[in-house]
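A.B. asks: Mind folding the following:
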Amino acid sequence: MIENGEVSTVIVKDLSRFGRNYLEVGQYLELKYPTLGVRFIAIQENVDSTQSSGAEMMPFHNIFNEWYAAQTSKKIRAVQKMKADSGKRIGTSVPYGYMKDPNNSDKWIIDEPAAEIVKRIYKLCLEGKGPSKIANQLTAEGILVPTAYFIMNGRSATHKAPENPYQWSYKTVINILENRVYTGCTVNYKTTTVSYKIHQIVYNDTDNQQIISNTQEAIISEDIWERVQKLRENRRRPTASGKTSIFSGLVYCADCGQKLVFCANKNLKSNGEYFRCSSYKANSKVCSVHYIRNVVLEQIVLGAISGLSDFVSCYQSVFLFLAKRKQSETLHSDVKNMKLDIERNQKRIIEIDKAIEKLFESNMANVISDERFMKMTADYEAEQKVLKEDIEKKTKLLESSEQKKVDMRMLLKGLRTFSECKTLTPEILNMLIERIKVHKSEKIDGKKRVKVDVYFTAIGMIDIPTEAEIETLTEEIRNNPDKMKLIA
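C.D. replies: I've put the predicted structure just below:
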């Protein structure tokens with residue numbers, strides 16, 4: 001309106017009501033408004049642009065107004081940090097699938113109708129469907145989107161009511177699939193803003209987030225959530241014909257390490273559909289042809305899963321013993337010792353900080369020389385750097401160990417499900433298989449043979465032991481019962 005010449009005077013109670021960014025306020029009041037011939041009045045500060053009174057102090061008022069905004073922002077962040085440090089959630093919005101307890105607004109309880117949809121979304125993902133397909137299916141079934149569901153139930157929503165309350169977006173599905181709160185935890189510091197001036201949302205790395213376990217009842221188990229995140233890393237894309245394979249995203253070239261792409265068209269029969277190395281498809285000079293038909297791959301994987309399922313159902317203790325031994329070989333260290341080392345290193349880092357502080361005080365009091373202070377400080381800082389690197393390395397190993405336990409539970413659950421139905425479904429496959437490697441075909445006895453390596457969740461490749469080896473392992477287990485403590 002001002003730029004259109006419809007306003008001649010702007011009046012505010014005080015300058016802080018006009019703005020708290022002193023640069024922007026100055027730009028308007030000292031350049032834009034005078035250029036447009038607009039009169040500006042601030043009652044509290046007695047500022048009138050047509051008179052000289054109060055104008056000379058206006059920049060200082062603006063600086064103090066911005067300083068007040070900065071201090072308020074710091075106080076709010078300090079309060080949020082205090083709440084987070086005490087184990088409380090700092091977010092106010094309740095995600096789809098939960099609602100506030102009518103008797104306690106700080107407590108979340110499960111919203112059953114919405115929670116069932118959340119469970120279904122995770123189930124569809126485990127069955128091999130991507131976010132777009134899940135969104136299309138929910139749309140076709142006429143299920144209300146979260147915003148429409150909130151409005152229908154009289155709850156506040158962060159977005160406006162959609163034109164089509166049943167039109168699901170793939171982004172909404174992704175947000176649900178990646179939201180860790182469904183495992184019953186609270187995630188603080190998931191996002192932040194650039195500054196108190198710039199409200200652009202910035203997503204923090206997982207390392208900078210705070211995760212508090214068991215703050216509300218879980219809708220999705222930790223095992224399923226972790227498995228879904230792995231599946232999301234290996235996204236499946238349908239072919240031009242719209243056909244897909246349950247193995248898409250899991251098959252890799254044993255030589256170049258690239259994925260094998262699923263090839264199918266409308267004229268190709270199901271027994272002719274195949275996988276081919278993506279590097280060879282793009283450039284035959286990069287890698288040699290790695291090819292396997294989908295039906296053959298299905299037979300190989302089905303055989304590998306059947307063999308492992310039968311072995312585990314008969315000799316679960318032997319299987320867990322082999323898994324424990326393989327895990328120990330991978331980690332090269334004992335978990336308990338690593339935890340003690342991390343704790344010891346953390347204490348030493350605190351001791352070094354205190355020692356540096358004392359050195360600084362001694363240097364200020366001329367007890368030790370500047371040269372001595374610099375040398376000792378440098379030695380301490382070098383030691384701290386080594387300790388921090390060691391903590392980071394061992395923390396990652398511990399996280400790997402904990403993930404192995406989650407993966408093992410998922411593997412055992414998948415094997416039990418398979419043993420009951422003896423059918424290879426996308427859900428079972430995604431629970432059991434981590435990746436599949438296809439080697440280059442070789443001629444053996446005049447026939448082409450393709451070696452396929454099947455890597456299972458938690459254990460990787462495994463050779464089923466013979467009866468004689470099982471007897472030896474069983475005897476070793478009897479003599480070493482402590483080695484069976486694989487899953488806490």
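A.B. asks: Can you pull the phi and psi angles for the closest residue to residue 450 other than its chain neighbours?
C.D. replies: The shortest distance from residue 450 to any residue other than its chain neighbours is 4.8 Å, reached at residue 441 (Cβ to Cβ, 6 or more residues apart in numbering). Where you see a C-beta, it was placed from the backbone N, CA and C, and this is true even at glycine. Phi and psi for residue 441, reported as degrees, to the nearest 10, are phi -70, psi 150.
A.B. asks: so how far is residue 164 from residue 441?
C.D. replies: Residue 441 sits 51 Å away from residue 164, taking Cβ to Cβ, to the nearest Å as the criterion.
A.B. asks: which of those two has more neighbours?
C.D. replies: Neighbour totals were compared for residue 441 and residue 164, and residue 441 leads with 16 against 9 (other Cβ atoms under 10 Å).
A.B. asks: wait, that one sits on residue 293?
C.D. replies: No. Counting by Cβ atoms under 8 Å, residue 441 stays clear of residue 293, with 11.6 Å between them.
A.B. asks: So for stretch 78-86, what gets flagged as buried?
C.D. replies: residue 84 (16 or more other Cβ atoms under 10 Å).
A.B. asks: roughly how far is that stretch from the heart of the chain?
C.D. replies: 23 Å (Cα atoms, centre = their mean, to the nearest Å).
A.B. asks: go on, stretch 165-177?
C.D. replies: With Cα atoms, centre = their mean, you get 17 Å for stretch 165-177.
A.B. asks: repeat for stretch 93-109
C.D. replies: Distance, centroid of stretch 93-109 to centroid of chain: 23 Å (Cα atoms, centre = their mean).
A.B. asks: and what of stretch 360-377?
C.D. replies: On Cα atoms, centre = their mean, the centre of stretch 360-377 falls 46 Å from the chain's centre.
A.B. asks: follow-up on the earlier one: distance of the residue nearest to residue 450 from residue 396?
C.D. replies: Residue 441 is 38 Å from residue 396, by Cβ to Cβ.
A.B. asks: Just the pLDDT for residue 280.
C.D. replies: pLDDT for residue 280: 81.
A.B. asks: Wait, it touches residue 290, no?
C.D. replies: Yes. Counting by Cβ under 8 Å, residue 280 touches residue 290, with 6.7 Å between them.
A.B. asks: Overlap of the contact sets of those two?
C.D. replies: residue 253 (Cβ atoms under 8 Å, 6 or more residues apart in numbering).
A.B. asks: Tell me which of these two has more neighbours.
C.D. replies: Using other Cβ under 10 Å as the criterion, residue 280 and residue 290 rank with residue 290 on top: 25 against 21.
A.B. asks: can you pull the contacts of the more buried one?
C.D. replies: With contact taken as Cβ under 8 Å, 6+ apart, residue 290 is in contact with 253, 254, 255, 260, 276, 277, 280, 438, 439, 440, 441.
A.B. asks: what do you get for residue 424?
C.D. replies: By Cβ under 8 Å, 6+ apart, the neighbours of residue 424 are 246, 298, 301, 302, 305, 418.
A.B. asks: tell me the phi and psi of the first one?
C.D. replies: Summarising the backbone geometry of residue 246 under the convention degrees, to the nearest 10, its torsions are phi -70, psi -10.
A.B. asks: Excluding chain neighbours, what is closest to it?
C.D. replies: Nearest to residue 246 is residue 426, by Cβ to Cβ, 6+ apart, at 4.6 Å.
A.B. asks: The one you found and residue 128 touch, don't they?
C.D. replies: Yes. The pair residue 426 / residue 128 is scored as a contact, 3.5 Å apart, by Cβ under 8 Å.
A.B. asks: got a pLDDT number for the residue nearest to residue 450?
C.D. replies: In this prediction, residue 441 carries a pLDDT score of 89.
A.B. asks: can you check residue 6 too?
C.D. replies: 93.
A.B. asks: how about it, secondary structure?
C.D. replies: Residue 6 falls in the coil class when you classify it by DSSP: H, G, I helix; E, B strand; the rest coil.
A.B. asks: residues in contact with it?
C.D. replies: Counted by Cβ under 8 Å, 6+ apart, residue 6 has zero contacts.
A.B. asks: What of residue 33?
C.D. replies: Here residue 33 is in contact with 2, 10, 39, 40, 49 (criterion: Cβ under 8 Å, 6+ apart).
A.B. asks: Throw those into TSV and include distance to residue 229 and neighbour count, thanks.
C.D. replies: Listed next are the contacts of residue 33 as TSV, based on distance: Cβ to Cβ, whole Å; neighbours: other Cβ atoms under 10 Å:
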residue	distance to residue 229	neighbour count
2	51	14
10	53	16
39	59	15
40	55	21
49	58	19
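A.B. asks: Just the ones in strands from those residues, please.
C.D. replies: 10, 39, 40 (DSSP state E).
A.B. asks: Distance to residue 338 and pLDDT for these - can I get that in a markdown table?
C.D. replies: Output for the ones in strands among the contacts of residue 33, formatted as a markdown table (distance: Cβ to Cβ, whole Å; pLDDT from 0 to 100):
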| residue | distance to residue 338 | pLDDT |
| --- | --- | --- |
| 10 | 65 | 95 |
| 39 | 71 | 92 |
| 40 | 65 | 92 |
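A.B. asks: Distance to residue 26 added to these, as a markdown table?
C.D. replies: Listed next are those as a markdown table, based on distance: Cβ to Cβ, whole Å:
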| residue | distance to residue 26 |
| --- | --- |
| 10 | 15 |
| 39 | 17 |
| 40 | 12 |
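A.B. asks: for those residues, which one is nearest residue 270?
C.D. replies: For the ones in strands among the contacts of residue 33, the closest approach to residue 270 (Cβ to Cβ) belongs to residue 10, at 72.8 Å.
A.B. asks: ok, that closest one - contacts?
C.D. replies: Contacts of residue 10 (Cβ under 8 Å, 6+ apart): 2, 18, 33, 38, 39, 40, 41.
A.B. asks: what's the closest of the residues you listed to residue 67?
C.D. replies: residue 18 (15.8 Å).
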